[in-house]
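Asker: any chance you could fold what I've pasted below:
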Amino acid sequence: MTMTKTLLACLLTAGAFAAHAETATYAIDPSHTFVTFEANHMGTSTLRGRFDKKEGSVTLDKAGKSGKAEITIDATSVDTGVAALDTHLKSKDFFNATEFGTAKFSADKFNFSGDKVSEVVGTLTLLGKTQPVTLKASNFNCYINPMLKREVCGGDFETTIARTQFGMSYGLNYGLPDNIRLLIQIEAVKQ
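Answerer: Numbering: from 1, shown residues only. Modelled structure (predicted):
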């Protein structure tokens, strides 16, 4: 009986070690990662913009179905394709990029559907305020990059945020929307 308990303890310890050994860190590939936003413009069209500078990492345990992520976004790199609008978005009316140069998404909970990440739960810090957000995932996949010869994981993630939760209320009184669609298309390279 004692030998059986000892063997069982060894097997459980080995299993726990193997599960822990599945955790890997991935660095965000900025050339395959895009942080964009969409807002309805006066009920007529969709205004789109992106942030050209972003960095971060993801820790993923596919076997244990868990993960963590941190993505830092440079607010001064906002780009809509319209220089005057970019300048306005960087001002105190919107991103206040002089005082709050970065926004940050941090996640500590990954939910899975089978072997695929289905959502990422965390917080978004913008304008010095932190609010909970859940990013819904689609197209999650991992593959061996033929050029890098390393595993790459990624997908498309999205949520809708209310900008007033972060203190961004400019233009609400004349029809600019509160709700903003945030999209993060990400690929990250295993380190």
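Asker: does Y143 really touch V152, like I thought?
Answerer: Yes. Using C-beta atoms under 8 Å, Y143 is in contact with V152, at 5.9 Å. C-betas here are computed from N, CA, C, even on glycine.
Asker: tell me which of these two has more neighbours.
Answerer: For Y143 against V152, the residue with the higher neighbour count under other C-beta atoms under 10 Å is V152, and the figures read 17 against 10.
Asker: where exactly do the helices run in the protein?
Answerer: Under the criterion DSSP state H, the chain contains helices at 2-21, 83-90.
Asker: ok, of these, where does mean pLDDT dip lowest?
Answerer: Averaged per stretch, pLDDT over these is lowest on helix 2-21, reaching a mean of 46.
Asker: for R181, which non-adjacent residue is spatially closest?
Answerer: Excluding its sequence neighbours, the residue lying closest to R181 (C-beta to C-beta, 6 or more residues apart in numbering) is E38, at 4.3 Å.
Asker: sorry, slip of the keys, the one I care about is F166.
Answerer: Closest to F166 by C-beta to C-beta, 6+ apart is L126, at 4.3 Å.
Asker: which residues does that neighbour contact?
Answerer: For L126, the set of contacting residues under the criterion of C-beta atoms under 8 Å, 6 or more residues apart in numbering consists of F95, F100, A103, F166, M168.
Asker: how near is S113 to Y174?
Answerer: Here S113 is placed at a distance of 42 Å from Y174 (C-beta to C-beta, to the nearest Å).
Asker: neighbour count for these two, which is higher?
Answerer: S113 (11 against 7).
Asker: that one bridge partners, please.
Answerer: Per DSSP bridges, the residues bridged to S113 are K116.
Asker: next one: N141
Answerer: With DSSP bridges applied, N141 shows beta-bridge pairing to G154.
Asker: and for L135?
Answerer: Per DSSP bridges, residues listed as beta-bridge partners of L135: V120.
Asker: how many other residues sit next to it?
Answerer: 23.
Asker: ok, now which ones touch it?
Answerer: Applying C-beta under 8 Å, 6+ apart, we find L135 in contact with F105, A107, E119, V120, V121, G122, F157, E158, T159, I184.
Asker: try it again with 7 Å
Answerer: E119, V120, F157, E158, T159, I184 (C-beta atoms under 7 Å, 6 or more residues apart in numbering).
Asker: pull out the buried residues from those.
Answerer: E119, V120, F157, T159, I184 (16 or more other C-beta atoms under 10 Å).
Asker: can you list those in a markdown table and add distance to K136 and pLDDT?
Answerer: Putting the buried ones among the contacts of L135 into a markdown table (distance: C-beta to C-beta, whole Å; pLDDT from 0 to 100) gives the following:
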| residue | distance to K136 | pLDDT |
| --- | --- | --- |
| E119 | 5 | 97 |
| V120 | 9 | 97 |
| F157 | 7 | 97 |
| T159 | 7 | 98 |
| I184 | 11 | 96 |
